[in-house]
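Chemist: return atomic coordinates for the entry below.
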Amino acid sequence: MPRTKSELFSSTADWLRYDKEHVWHPYSSMSAPQSTVPILRADGFELELFDGRKLVDGMSSWWAAIHGYNVPELNAAINEQVGQVSHVMFGGLTHKPAIGLAKRLIELTAEPLQQVFFSDSGSVSVEVAIKMALQFWFAQGKTARRRLLTVRCGYHGDTFGAMSVSDPVSGMHSMFSGNLSPQIFAEAPRPLGDSESDSSANPVDDFERLIRQHSDELAAVIIEPMVQGAGGMRFYDAAYLKQVRALCDETGILLILDEIATGFGRTGTLFAYEQADIAPDILCLGKALTGGYMTLAATLTTRHVARMIDGEGQGVFMHGPTFMGNPLACSVANATIDLLLASPWQQRVSAIESQLTKELAPCLQSSKVRDVRTKGAIGVVELFEPVDMPSLQPRLVELGVWLRPFGRLIYIMPPYIVSPSALSKLTAAVITVVGEMD
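Modeler: Below is the predicted model:
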């Protein structure tokens, strides 16, 4: 006879014990799992624990919850839509939430982007973008064009196509290298303000050499604009991205921009590519698209790419996720975009950047710190050595903040609504733990 919920979990300790024994968390070991923190509820920029403590959220739930939690406008969008239709297959059917979202995205992004394909996660949106590029050339009979050019220190997701264009060393996927399509990697763009770089060497030279050398076999270039996220939180100059666009134009190779992490204001402009005054041939969006409420992504492309894939009506694009265009997700995405555009988001992001720059600067006094950098609503403290997560994570919780360091990085990417005092609590916690490392 099945056990009831009350028999299984009579206390918070029981919940956590079951979690530790059976629930596999991201990038974790089941035989030696790290401790997890039980969340009771979330509101605004705070996470409330089962024991009543509240943590200032400095992660925006992996950069998605830009408006914070329990947002009335987003709650209302979900509640209204669930009474109409929560899900329906997108094959052969359509609905207003998806059509309205497509219209919003087309209006907000660069003019050439006119076609929208919905999927269910950022990683899948990258898979879709890669498929678009491959089918673009396949429809023209150029089947040798099946490789992609990207840069080192990049990260595009954990599915197989996305893994193949993430850094093979720093991208966490080296064990799968024998199972991945072999792609081409240029030197990473030089980080902004990196005094240790050889100023006489221009990293775009390596990119140019490779794009010319492999032009006959390349389907596309894929790159994160302005900010390389999970590959190291590296910021680079808009001039590099502008040169990449020019080289793609010159060689006729498609340019895919992965704005899953940077889209919707995180870097100070609505989309990071705007800072280079360029437009991609294919654009990947996700994360903040629904304000962190539901999983949804979009891949946008041009009419030219779509028509070539269609082969003048003789072909179809070969992809179709089960939850493609989910009405609930599209409804909350529409509400998220409306809320963002109606808010003073530019001023908020600018204020966050200024405060992060000022308040994280003391970390440079530590002998353990290699660099401190900020861009938009992103603040990064880079150490010389990897952090000790089993001890650092609980210490941050003790200090009343939720941050999720990785590798050599302690970073802050808060909701845009974070208050100055709450942001100071985040920066003070970072300064404290860095000081305790000396």
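
Chemist: hang on, residue 232 packs against residue 152?
Modeler: No: Residue 232 is not in contact with residue 152 according to Cβ atoms under 8 Å; the separation is 9.5 Å. Any C-beta I mention is one placed from the backbone N, CA and C, and that applies to glycine too.

Chemist: just list the residues touching residue 329, thanks.
Modeler: By Cβ atoms under 8 Å, 6 or more residues apart in numbering, the contact set of residue 329 is 290, 293-296, 323.

Chemist: out of those residues, what pair is the most spread apart?
Modeler: Maximum pairwise distance in the contacts of residue 329, criterion Cβ to Cβ, is 14.2 Å, between 293 and 323.

Chemist: so the two - more neighbours on which side?
Modeler: Remark: of residue 293 and residue 323, residue 293 carries more neighbours, 24 against 17, as counted by other Cβ atoms under 10 Å.

Chemist: which phi and psi values does the more buried one adopt?
Modeler: Torsion angles at residue 293 (phi, psi; degrees, to the nearest 10) stand at phi -80, psi -40.

Chemist: could you say which helix or strand contains the nearest residue to it once chain neighbours are set aside?
Modeler: Nearest residue to residue 293, sequence neighbours excluded (Cβ to Cβ, 6 or more residues apart in numbering): residue 332, at 4.5 Å. Secondary structure assignment for residue 332, by DSSP states H and E: helix 327-342.

Chemist: which helices and strands sit right next to whatever helix or strand comes next after that helix?
Modeler: Using DSSP H and E, the helix or strand that directly follows helix 327-342 along the chain is helix 345-360. With contacts defined as 3 or more Cβ pairs under 8 Å, 6 or more residues apart in numbering; DSSP states H and E, helix 345-360 has these neighbours: strand 369-375, strand 378-383, helix 420-435.

Chemist: now the helix or strand that contains residue 246: average pLDDT?
Modeler: Following DSSP H and E, one finds residue 246 within helix 238-251. Here helix 238-251 scores 97 as its mean pLDDT.

Chemist: re earlier: go through the helices and strands packed on helix 345-360 and pick out the most buried.
Modeler: Highest mean neighbour count of these: strand 378-383, a mean of 24 (counted as mean count of other Cβ atoms under 10 Å).

Chemist: next one: phi and psi at residue 46?
Modeler: According to degrees, to the nearest 10, residue 46 has phi -120, psi 150.

Chemist: kindly provide the distance from it to residue 54.
Modeler: Separation of residue 46 from residue 54 (Cβ to Cβ, to the nearest Å): 5 Å.

Chemist: grab the nearest non-local neighbour of residue 317.
Modeler: Leaving aside its chain neighbours, residue 317 sits nearest to residue 309 (5.5 Å; criterion: Cβ to Cβ, 6+ apart).

Chemist: which residues are in contact with that neighbour?
Modeler: Contact analysis of residue 309 by Cβ under 8 Å, 6+ apart lists 132, 135-136, 139, 315, 317.

Chemist: average pLDDT across the helix or strand hosting it?
Modeler: Here residue 309 sits within helix 303-310, counting by DSSP H and E. Averaging pLDDT along helix 303-310 yields 95.

Chemist: would you put the C-alpha positions of it in CSV?
Modeler: Presented in CSV, the C-alpha positions along helix 303-310 are these (Å, rounded to 0.1, in the frame of the first residue of the first chain):
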residue,chain,number,x,y,z
ARG,A,303,13.3,35.6,-43.2
HIS,A,304,16.3,34.7,-45.4
VAL,A,305,17.4,31.9,-43.2
ALA,A,306,13.9,30.6,-42.8
ARG,A,307,13.2,30.7,-46.5
MET,A,308,16.4,28.9,-47.3
ILE,A,309,15.5,26.1,-44.8
ASP,A,310,12.1,25.9,-46.4
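
Chemist: distance from the chain centre to that helix, please.
Modeler: Chain-centre distance of helix 303-310: 27 Å, with Cα atoms, centre = their mean, to the nearest Å.

Chemist: what are the buried residues along that helix?
Modeler: Of all the residues in helix 303-310, those buried under the rule 16 or more other Cβ atoms under 10 Å are 305, 308-309.

Chemist: do stretch 102-117 as well
Modeler: Neighbour count says stretch 102-117 has 102, 104-105, 108-110, 113-117 buried, by 16+ other Cβ under 10 Å.

Chemist: how much space between the residue nearest to the spatial centre of the chain and residue 125?
Modeler: By Cα atoms, centre = their mean, the mean C-alpha position of the chain lies nearest to residue 261, the distance being 2.6 Å. From residue 261 over to residue 125 the distance is 12 Å, taken as Cβ to Cβ.

Chemist: wait, residue 133 sits on residue 148?
Modeler: Yes: when contacts are counted by Cβ under 8 Å, residue 133 is listed as touching residue 148 (7.3 Å).

Chemist: any residues in contact with both of those two?
Modeler: With Cβ under 8 Å, 6+ apart, residue 133 and residue 148 have common neighbours 219-220, 256.

Chemist: generate TSV for those residues, with distance to residue 207 as supplementary columns.
Modeler: Shown next, in TSV, are those (distance: Cβ to Cβ, whole Å):
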residue	distance to residue 207
219	16
220	14
256	15
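
Chemist: closest to residue 208 among those residues?
Modeler: Closest approach between these and residue 208, by Cβ to Cβ: residue 220, at 16.2 Å.

Chemist: what number of residues lie near residue 209?
Modeler: A total of 12 residues lie near residue 209 under the criterion other Cβ under 10 Å.

Chemist: mind pulling up the pLDDT for it?
Modeler: Reading off the model, residue 209 has pLDDT 97.

Chemist: how many residues are close by residue 140?
Modeler: Here the count is done by other Cβ under 10 Å, and residue 140 has 12 residues near it.
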